[in-house]
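Undergrad: here is a sequence together with a model predicted from it:
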Amino acid sequence: MENELIAAARSAAQHSYSPYSEYSVGAALGFAGGTVFTGTNIENASYGLALCAETVAVAKAMADGVRGGLEMVAVVGPSGKGGGEPITPCGRCRQVLNELAALGGTDPLILCVGNDTTRRVRLSALLPDAFGPASLV
Ligand code: THU
């Protein structure tokens, strides 16, 4: 699953629409049963409206009816910027990922993929004490 997700995220990044930042990001979500959804960042001439790769991937999955089962996420940043170091999901994406994960009661492993190293961290470690669906009950 790990290698497949990393390859899928790299492939998704090739469709990045990021003419303003020139910072391409790819994300791949792995679900129980093996389904994979990918996303890439989509920027806008109104800069603040950029959509992150992880959020696009969650939107694609949820628009297809997926509600939970999120086991693993791979996030790949550009090889030439930031020294090719692994990037972690931004704050908003952590919250968006948490919603989908919470629906299935999982704590997905996030693979932050750099040129030479992959950092593995649980979503709960990136977003402790999360506000989620249960908070509203
Ligand atoms: N970006 C992502 O796609 N995911 C993140 O977690 C961090 C940032 C995108 C947004 C923008 O298009 C570019 O990276 C530079 O911030």
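TA: Arrived safely, thanks for sending.

Undergrad: contacts and neighbour counts: CA atoms only from here.
TA: OK.

Undergrad: what's around L126, how many residues?
TA: Here the number of neighbours of L126 (other CA atoms under 10 Å) works out to 16.

Undergrad: torsion angles phi and psi at it?
TA: Here the main-chain torsion angles of L126 (degrees, to the nearest 10) amount to phi -80, psi -20.

Undergrad: roughly how far apart are it and V137?
TA: Separation of L126 from V137 (CA to CA, to the nearest Å): 24 Å.

Undergrad: again with I6
TA: Noted for I6: a distance of 36 Å to V137, by CA to CA.

Undergrad: same question for F31.
TA: Taking CA to CA, one finds F31 at 26 Å from V137.

Undergrad: who has more neighbours, those two?
TA: Comparing F31 with V137 by other CA under 10 Å, the one with more neighbours is F31, at 20 against 5.

Undergrad: OK, contacts around the more buried one?
TA: G68, G69, L70, E71, M72 (CA atoms under 8 Å, 6 or more residues apart in numbering).

Undergrad: the residue nearest in space to the middle of the chain: which element?
TA: The residue lying closest to the centre of the chain (CA atoms, centre = their mean) is E54, at 3.0 Å. Using DSSP states H and E, the element containing E54 is helix 53-63.

Undergrad: can that helix be found next to the ligand?
TA: Yes: using CA under 6 Å from any ligand atom, helix 53-63 comes into contact with the ligand via A53.

Undergrad: chain center to that helix: distance?
TA: In terms of CA atoms, centre = their mean, to the nearest Å, the centre of helix 53-63 is found 8 Å from the chain centre.

Undergrad: so which elements touch it?
TA: If contacts are counted by 3 or more CA pairs under 8 Å, 6 or more residues apart in numbering; DSSP states H and E, helix 53-63 sits against strand 26-31, strand 36-40, helix 91-104.

Undergrad: for the residue of the chain positioned farthest from its centre, give me the pLDDT.
TA: Outermost residue of the chain with respect to the C-alpha centroid, by CA atoms, centre = their mean, is V137; its distance is 26.6 Å. pLDDT, V137: 95.

Undergrad: alright, calling it a day.
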